[in-house]
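# Mind looking at a prediction? Sequence and model below.
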Amino acid sequence: ALAWKLAQEVLAESGEVEQGRYTIDAQYHAVLIGANGNRVKKIEKETGARIQFQRNDNSGVCLVTGTAAQREAAYQMMLSIIEDEEEERFPIPAEFHRMLIGARGATVKWMEEESASAIGFESEPEGVMVVRGTKEAREKALELAKQVMSSEEEEQFYVEHRYHGFLIGP
């Protein structure tokens, strides 16, 4: 962060760095940011531009700081990502949704990170898993979901009543 500020100051003095305002539909901001900000970091690293999305603002304004070439490269990368993004709905019975979400969302977060997609679930009118991402990301998400569903088996066994407190905890 400090190095970025110093580099920005040096370039600002030479008059090369400017900030451009680009309009990108707010629905795509999360897609461009990616899980843990990984996608926007990748764009910034590859182009050398600094990208900021306006929060609490549905105008879709995206601020890109850098030289003219850096700003244009970043904007083109963002447009390319948006073009590749699509939403697909896979029929998965609602009784599997809790299993796929996992404790505190851990399983679905893992699937999102592994597949580089955004995953949601709908149970009405029929159970579906909604996946947003590139074609490869959507296919990977479905593959991971099938893997989780096939590996999760429920097993029941008898535990004497006197041990229940130990298993459940205080």
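Great, that's in hand.
# which residues does Arg21 bridge with?
Judged by DSSP bridges, the bridge partners of Arg21 are Leu63.
# my read: it touches Thr65, true?
No. Using Cβ atoms under 8 Å, Arg21 is not in contact with Thr65; the gap is 10.6 Å. C-beta coordinates here come from the backbone N, C-alpha and C atoms, glycine included.
# Those two: who's more crowded?
Thr65 (20 against 10; other Cβ atoms under 10 Å).
# Not including adjacent chain positions, what is the nearest residue to the more buried one?
Arg50 (4.2 Å; Cβ to Cβ, 6 or more residues apart in numbering).
# now do Pro91
Val128 (5.7 Å).
# thinking again about what came up before, the residue nearest to Thr65: neighbour count?
Residues near Arg50, counting by other Cβ under 10 Å: 19.
# Quick check on it: phi, psi?
phi -110, psi 130 (degrees, to the nearest 10).
# got a list of what Glu114 touches?
Contact partners of Glu114, counting by Cβ atoms under 8 Å, 6 or more residues apart in numbering, are Lys140, Leu144.
# repeat that for 10 Å
Shown in contact with Glu114 (Cβ atoms under 10 Å, 6 or more residues apart in numbering): Ala35, Ala137, Lys140, Ala141, Glu143, Leu144.
# Quickly note the distance from the fourth one to Met149.
In other words, Ala141. Separation of Ala141 from Met149 (Cβ to Cβ, to the nearest Å) stands at 13 Å.
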